[in-house]
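Undergrad: Predicted coordinates and the sequence they were generated for:
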Amino acid sequence: MNPRELNWRCLPFDALHARTLYNLLQLRTEVFVMEQTCIFQDMDGADPQCFHLLGEEADGTLVAYARLVPAGLKFTEASIGRVVTLPAARGGGLGHVLMREAVRALHGLWGVQPIRIGAQARLEAFYRQHDFVPASEIYIEDGIDHVEMTRAA
């Protein structure tokens with residue numbers, strides 16, 4: 001799978017077809033609940049106010065996803081969350097492509113502006129490669145170490 005050959009779509013919640021919504025919730029559950037053995041409420045009520053970035057293969061298989069959160073919903077700044085890649089598609093740089101697409105899409109939606117994320121602390125070095133810097137002490141969320149990180153406009 002070549003990350004450059006993915007079809008990228010960024011859709012508001014109400015434009016998600018039932019099958020697309022099912023696929024993105026299935027991917028989020030596979031990684032955030034099952035793989036990370038973390039019981040938490042993934043469907044937190046924010047999805048309807050967000051945009052959903054989908055990276056799909058030609059056959060429609062969802063391999064990359066991120067939730068774009070408007071300013072004021074989770075943080076004062078706009079945010080990127082639920083960043084996830086299909087486990088079978090990892091190892092070829094897809095996560096980096098996803099983050100570049102997410103930043104580009106967020107800026108396209110709401111203009112170039114600072115972005116704040118609640119990153120898993122173990123992924124701090126990954127997010128630093130996308131110009132995010134720590135903006136908080138490490139804190140526990142859903143039993144996992146996290147750190148807030150910001151990216152300047």
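TA: Noted; the coordinates are in hand.

Undergrad: all strands of this protein, in order?
TA: Counting by DSSP state E, the chain has strands at residues 7-12, 51-56, 62-69, 79-85, 115-120, 133-134, 139-141, 144-151.

Undergrad: Output the first one in PDB with nothing but the alpha carbons.
TA: In this case it means strand 7-12. The C-alpha trace of strand 7-12 is given here as PDB (Å, rounded to 0.1, in the frame of the first residue of the first chain):
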ATOM      1  CA  ASN A   7      -8.100   8.800  -1.700                       C
ATOM      2  CA  TRP A   8      -8.500  11.500   0.900                       C
ATOM      3  CA  ARG A   9     -11.900  12.900   1.900                       C
ATOM      4  CA  CYS A  10     -12.800  15.400   4.600                       C
ATOM      5  CA  LEU A  11     -16.400  15.300   5.500                       C
ATOM      6  CA  PRO A  12     -18.700  16.900   8.100                       C
END
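
Undergrad: so for the longest helix along the chain, what's the average pLDDT?
TA: Longest helix in the chain, counting residues (DSSP state H): helix 94-110. Averaged over helix 94-110, pLDDT sits at 98.

Undergrad: same question, stretch 126-136
TA: On average, stretch 126-136 scores 97.
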